[in-house]
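*Asks:* build me a model from this:
(2 chains)
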Amino acid sequence: MNGGQDLGGAHGFGPVLPESNEPVFHSRWEERAFAVTVALGMLGRWNIDMSRYYRENRAPVEYLSSTYYELWLKGVERLAADRGLISEHELKSGKASSSRDPALQAPDAARARKLLADMRGAKLDVPVAALFAPGEQVRVKNLHPTTHTRMPRYCRGKTGAIAADHGVFVFPDTHAMGLGQKPQHCYSVRFTAQELWGAPRRDAVYIDLWDDYLEKL
Amino acid sequence: MSHDHGHAHDYDEEMGFRVAALERLLTEKGLVDPAALDELIDTYQHRVGPRNGARVVAKAWTDAAFKEWLLRDATAAIASFGFAGRQGEHMVALENTAAVHNMVVCTLCSCYPWPVLGLPPVWYKSAPYRSRAVSDPRGVLREFGVQLSGDIEVRVWDSTAEVRYLVVPRRPQGTETWNEEKLAGIVTRDAMIGVADVRLEQAK
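*Replies:* Residues are numbered from 1 along each chain as shown, chains lettered A, B, ... in the order given. Model prediction:
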């Protein structure tokens, strides 16, 4: 979606303002919002791409005026209701009025620690042929899906070169919408600053892009 | 400022009630265990952070075979320290040299290598950094105090997939006799994101 989250190349946000001796969390509610989100995700009722979609799928003015963990909280509240962990009434009232699916068991501290260390990522061990090879010139398709995508607007229609093939990965556009993993190759694609911004600098941006985003020149 | 402070207080209070209500409901239903929440918070507050990444960089600076492994298969090389898991399942290490300066961003959200750097700072997740890192990296670097000559190539890595990037900064001159532990003490989080150089005056 062409939403408030897709910020590459936008203007008007001012300077970057680092905070010295920044704490990991700025208040207790941020700690709890973070932990509730991660712990609830461990129940397996949704995936990371759905989580991202639920944070970004809102009017850009709301996205940009919400704090980071506020977006996490809004996302996880809706996910919990939409994916059947809690009812709309429970979300509104804050009171449990139904029992949980007995198949679901909240991880305890030891189990949560074990799941955090889990190395099952988004890379898939399935034989899918790569559509492009390192060194090959490619163009990013000029697509504007209204649903989740990881193809930033600033590279659409631009030409780059395949710098590396990361292997076969889950495709976030379908995964986020509950439409399956659609395994395909994901590449690091190199774009020059000249191509992206018309800037005659000796600089480049590397973007990770999937087969479905790319076309041959 | 007291006005702003009052607003921030009201906001934190409101968000606090909202999170507490959700946590209470989920706990009552047996969907979360508060002790597990404490464990998750403690992990990133006290155990997993940029000291992990600093140890990886210091080893790469002192052990050529390890550096070769790190640049070839960062996931395995980093896992040899026991640094693994969530948001670090597919790691790539990027070496800064006299000719190339690497910096990392996530323009679409906040992707960041948790096992080696912990959770990202606010500025990394903020609109100013996410918007300008890709289009004006030299301007952003200047704001962090890094001046690069025009003949150095800046490579910006936009973390749009599940691959996570760790920058191996340049080892400062004058540290030739230092051991790994002392070197790890001068490697900063910002240097491993690629928005700072490692400087000797950071040594304790």
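*Asks:* contacts, neighbours, all on C-alpha from now
*Replies:* Fine.
*Asks:* and for A:D6, nearest residue in space, chain neighbours not counted?
*Replies:* Distances taken as CA to CA, 6 or more residues apart in numbering or on different chains place B:L108 nearest to A:D6, at 5.0 Å, with adjacent residues excluded.
*Asks:* ignore the last one, B:E23
*Replies:* With CA to CA, 6+ apart as the criterion, B:E23 has its nearest non-adjacent residue at 6.9 Å, and that residue is A:V36.
*Asks:* excluding chain neighbours, what is closest to the spatially most central residue of chain B?
*Replies:* The centroid of chain B falls nearest to B:L117 when counting by CA atoms, centre = their mean (4.0 Å). If the residues on either side of it in the chain are set aside, B:L117 comes closest to B:P50, at 4.0 Å by CA to CA, 6+ apart.
*Asks:* what is the neighbour count of that neighbour?
*Replies:* Using other CA atoms under 10 Å in any protein chain shown, B:P50 has 22 other residues around it.
*Asks:* got it, and B:G85?
*Replies:* The number of residues packed near B:G85 is 22, by other CA under 10 Å.
*Asks:* that one contacts A:K114, correct?
*Replies:* No - using CA atoms under 8 Å, B:G85 is not in contact with A:K114; the gap is 9.1 Å.
*Asks:* for B:H101, helix, strand, or coil?
*Replies:* strand (DSSP: H, G, I helix; E, B strand; the rest coil).
*Asks:* wait, it touches B:I193, no?
*Replies:* No - contact criterion CA under 8 Å: B:H101 and B:I193 do not qualify, at 10.9 Å.
*Asks:* what's the average pLDDT for the longest strand anywhere in chain A?
*Replies:* Of all segments of type strand in chain A, defined using DSSP state E, the longest is strand A:159-169. Taken as a whole, strand A:159-169 has a mean pLDDT of 98.
*Asks:* the helix or strand just after that strand packs against which elements?
*Replies:* The helix or strand immediately downstream of strand A:159-169 is helix A:172-175, counting by DSSP states H and E. With contacts defined as 3 or more CA pairs under 8 Å, 6 or more residues apart in numbering or on different chains; DSSP states H and E, helix A:172-175 has these neighbours: helix A:48-56.
*Asks:* where do the strands sit along the chain?
*Replies:* I'll assume chain A. Under the criterion DSSP E, strands of chain A are mapped to A:137-140, A:159-169, A:184-192, A:203-210, A:214-216.
*Asks:* I was thinking of chain B, sorry if that wasn't clear
*Replies:* B:91-95, B:100-105, B:153-158, B:164-168.
*Asks:* right, and those strands - which one's nearest chain A?
*Replies:* Chain A lies closest, by CA to the nearest CA, to one member of the strands of chain B: strand B:153-158, at 4.6 Å.
*Asks:* show me what the closest one is packed up against.
*Replies:* With contacts defined as 3+ CA pairs under 8 Å, 6+ apart, the packing partners of strand B:153-158 are strand A:203-210, strand B:100-105, helix B:137-143.
*Asks:* run the last query once more with 10 Å
*Replies:* Applying 3 or more CA pairs under 10 Å, 6 or more residues apart in numbering or on different chains; DSSP states H and E, we find strand B:153-158 packed against strand A:184-192, helix A:193-197, strand A:203-210, strand B:100-105, helix B:137-143, strand B:164-168.
*Asks:* okay if I get the ones you listed as a markdown table plus mean neighbour count and distance to B:A127?
*Replies:* Output for the helices and strands packed on strand B:153-158, formatted as a markdown table (neighbours: other CA atoms under 10 Å in any protein chain shown; distance: least, CA to CA, whole Å):
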| stretch | mean neighbour count | distance to B:A127 |
| --- | --- | --- |
| strand A:184-192 | 24 | 22 |
| helix A:193-197 | 17 | 19 |
| strand A:203-210 | 25 | 18 |
| strand B:100-105 | 24 | 11 |
| helix B:137-143 | 18 | 12 |
| strand B:164-168 | 25 | 20 |
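*Asks:* next, format those as TSV and append distance to A:V140 and mean pLDDT.
*Replies:* Converted to TSV, these look like this (distance: least, CA to CA, whole Å; pLDDT from 0 to 100):
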stretch	distance to A:V140	mean pLDDT
strand A:184-192	10	98
helix A:193-197	12	98
strand A:203-210	9	98
strand B:100-105	20	98
helix B:137-143	22	97
strand B:164-168	22	98
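*Asks:* out of these, flag the one nearest A:A163.
*Replies:* For A:A163, the closest of those is strand A:184-192, at 5.3 Å, according to CA to CA.
*Asks:* dump stretch B:107-124 to CSV, restricted to CA.
*Replies:* These are the backbone C-alpha positions of stretch B:107-124, laid out as CSV (Å, rounded to 0.1, in the frame of the first residue of the first chain):
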residue,chain,number,x,y,z
THR,B,107,12.5,2.9,5.0
LEU,B,108,9.3,0.9,5.4
CYS,B,109,9.4,0.2,9.2
SER,B,110,12.2,-0.6,11.7
CYS,B,111,14.0,-3.7,10.6
TYR,B,112,17.2,-4.1,12.7
PRO,B,113,19.5,-6.9,13.7
TRP,B,114,18.2,-7.6,17.3
PRO,B,115,20.7,-10.4,18.3
VAL,B,116,23.7,-8.1,17.7
LEU,B,117,22.3,-4.6,18.3
GLY,B,118,19.2,-5.1,20.5
LEU,B,119,16.1,-3.0,19.8
PRO,B,120,16.5,0.1,17.6
PRO,B,121,16.8,3.6,18.9
VAL,B,122,14.0,6.1,18.3
TRP,B,123,15.9,8.0,15.7
TYR,B,124,16.4,4.9,13.5
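*Asks:* tell me which residues of it come out buried.
*Replies:* B:107-122, B:124 (16 or more other CA atoms under 10 Å in any protein chain shown).
*Asks:* same check on stretch A:25-40?
*Replies:* A:25, A:29-40.
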